[in-house]
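Engineer: Sequence first, then the predicted structure:
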Amino acid sequence: MRKTLLATAAFLGMASAASAQLVFAGLDYRTGPYAPGGVPFADGYADYFTLLQARDGGIGGEPIEYLTCETAYNTEQGVECYESTKGRGVLVYQPLSTGITYQLIPKVTNDQIPLHTMGYGRTSAANGTVFPWVFNYPGNYWDAASVIVKHMLDVEGGSLEGKKIALVYHNSAYGKEPIRTLEELSKKHGFELMLLPVDHPGQEQKATWLQIRRDRPDFVTMWGWGVMNQVAIQEAVSIRFPMDRFIGVWWSASENDVAPAGEGAHGYKAVTMHGVGDGYPIYADLRKYVLDAGKAAGDASNLGTVLYNRGMMAAMFAAEAARKAQEIHGVSKITPVMMRDGMEALEITEARLSEIGLPGFAAPFSVSCADHGGPGVGMIQQWDATEKKFVLITDFIAPDREIIGPLIEADSTAFAQEAGITPRTCD
């Protein structure tokens, strides 16, 4: 296995090993049942770095080297990919897997290499005093759960008292993440919570949706990934569950998830942390310097899709953190330790988003020593089957931090005690 993984670690032709100074890595999965989500994210992540190299010559005058390693969404392979690439000076890892994330947290802490788990992973890593090397901005799973419930409240006129909400979730660390928050929110708002686990990879869900048809919940929310999302939406259509009351997390929100259900998926909703479509100025540069130049990571079919945009967003955050690290330390050849400083001082403003070519694409935010999680805001997007695209139907919705804050504090404190960690003091 190790030889196979080392063989798949490859350059994308951005810079030679001798000259490259800023090294980024993609722990990709372009194969297996989760490839429908892994491929577009990987394309967006890689293409953004290709754009910076082709158009700008890198970041802050330093060329970019990009490494990629196939994990197949397998935790063991993901750890192997990390071990086989970390010696190359990788500035930050983005594994796109909660399972891999949990295994890498102690490793990156020991190796002092930043880990960015954007909207996934261990939610309590938002507490930077306990997790100094892990970041999950601009939001986490508990934020997403809260935003979804707030939207349900809006739909129901401000009250969920006596309502029934079902959570259809991937039976893994990923899928179980929102349960604790939803349980607390059910106490606060008086709704009944149904927990419906779906085993990997999620192709068999008949019994789950027969239970939903029998128990008739008022809403269904989903924490799925890959083929599980496609199957769930098709099963929901088959039992005629109202699509506008079926709301997925941001990893159950891609075009690949709804397309197989055809017209039946019309009205399906999901929370998102960023804008939709390719109507942003940056896409002109992506086409000119990356796609038309034959340098795209994929076949260019994913451009502007939900998960391509998310991968691009993650790479943009990494690049901006690298710029910040260069600024803080007054050097262009930064190390992973310096990169951590840049990530911890990262500030994304609307003015900067406009300069990048992504005006209004994301909510402005800043990160600090204590706060590695960001604002946690989200919008609701809805599938228009006629136009074959997602459209935004809300502005940014703030999460219920009165519920989430104490949960993060309790979980991170328990982790610190179990791991023998003394939380650092942030001045």
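Structural biologist: The structure has been received and is ready for your questions. Computed from a predicted structure; not experimentally measured.
Engineer: Which parts of the stretch 251-400 of the chain are helices?
Structural biologist: With DSSP state H, counting those that start in this stretch, the ranges of helices along the stretch 251-400 of the chain come out as 255-258, 282-286, 306-329, 336-344, 350-356.
Engineer: Alpha carbons of stretch 388-408, as CSV, please.
Structural biologist: Coordinates of the C-alpha atoms in stretch 388-408 are reproduced here as CSV (Å, rounded to 0.1, in the frame of the first residue of the first chain):
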residue,chain,number,x,y,z
LYS,A,388,-30.9,22.6,-13.3
LYS,A,389,-29.2,24.7,-10.7
PHE,A,390,-29.2,25.6,-7.0
VAL,A,391,-30.5,29.1,-6.1
LEU,A,392,-30.0,30.9,-2.8
ILE,A,393,-33.3,31.5,-1.0
THR,A,394,-32.0,33.2,2.2
ASP,A,395,-29.4,35.5,3.4
PHE,A,396,-26.7,34.4,5.8
ILE,A,397,-28.3,32.9,9.0
ALA,A,398,-26.4,33.0,12.3
PRO,A,399,-26.2,29.9,14.4
ASP,A,400,-27.5,29.6,17.9
ARG,A,401,-24.2,30.2,19.8
GLU,A,402,-26.1,30.0,23.2
ILE,A,403,-26.4,26.3,22.5
ILE,A,404,-23.2,25.7,20.5
GLY,A,405,-20.7,27.7,22.5
PRO,A,406,-21.1,25.6,25.8
LEU,A,407,-21.1,22.4,23.8
ILE,A,408,-17.8,23.3,22.1
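Engineer: what are the ranges of the helices in the stretch 101-250 of the chain?
Structural biologist: Using DSSP H, counting those that start in this stretch, the helices of the stretch 101-250 of the chain run over 141-155, 173-176, 179-189, 206-215, 227-238.
Engineer: what comes up buried for the second one?
Structural biologist: Within helix 173-176, the residues scored as buried using 16 or more other CB atoms under 10 Å are 174, 175, 176. Using the backbone N, CA and C atoms, a C-beta is placed for each residue, glycine as well.
Engineer: The first one now?
Structural biologist: Burial within helix 141-155, assessed by neighbour count using 16+ other CB under 10 Å, is assigned to 141-153, 155.
Engineer: again, but for stretch 232-251
Structural biologist: Of all the residues in stretch 232-251, those buried under the rule 16+ other CB under 10 Å are 232-237, 241, 243, 245-251.
Engineer: Show me how far it is from its chain's centre.
Structural biologist: Distance of stretch 232-251 from the chain centroid (CA atoms, centre = their mean, to the nearest Å) equals 21 Å.
Engineer: ok so, going back, specify which member of the buried residues of helix 173-176 is nearest to residue 54.
Structural biologist: For the buried residues of helix 173-176, the closest approach to residue 54 (CB to CB) belongs to residue 174, at 34.3 Å.
Engineer: Let me see the contact set for the closest one.
Structural biologist: Remark: with contacts taken as CB atoms under 8 Å, 6 or more residues apart in numbering, residue 174 is in contact with 97, 98, 99, 120, 223, 225, 251.
Engineer: And it, how close does it get to residue 369?
Structural biologist: In this structure, residue 174 and residue 369 are 27 Å apart, going by CB to CB, to the nearest Å.
Engineer: how many other residues sit next to residue 110?
Structural biologist: 9 (other CB atoms under 10 Å).
Engineer: dump the residue contacts of residue 333.
Structural biologist: When contacts are taken as CB under 8 Å, 6+ apart, residue 333 is in contact with 21, 22, 62.
Engineer: Export those to TSV and append columns for distance to residue 420.
Structural biologist: Compiled in TSV, the contacts of residue 333 are given as follows (distance: CB to CB, whole Å):
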residue	distance to residue 420
21	36
22	34
62	38
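Engineer: Can you spell out the domain ranges of the chain, please?
Structural biologist: Using automatic domain parsing, the domain ranges for the chain come out as 2-139+276-375+407-419, 141-275+377-405.
Engineer: Out of those domains, name the one with the poorest average pLDDT.
Structural biologist: The stretch with the lowest average pLDDT out of those is domain 2-139+276-375+407-419, scoring a mean of 93.
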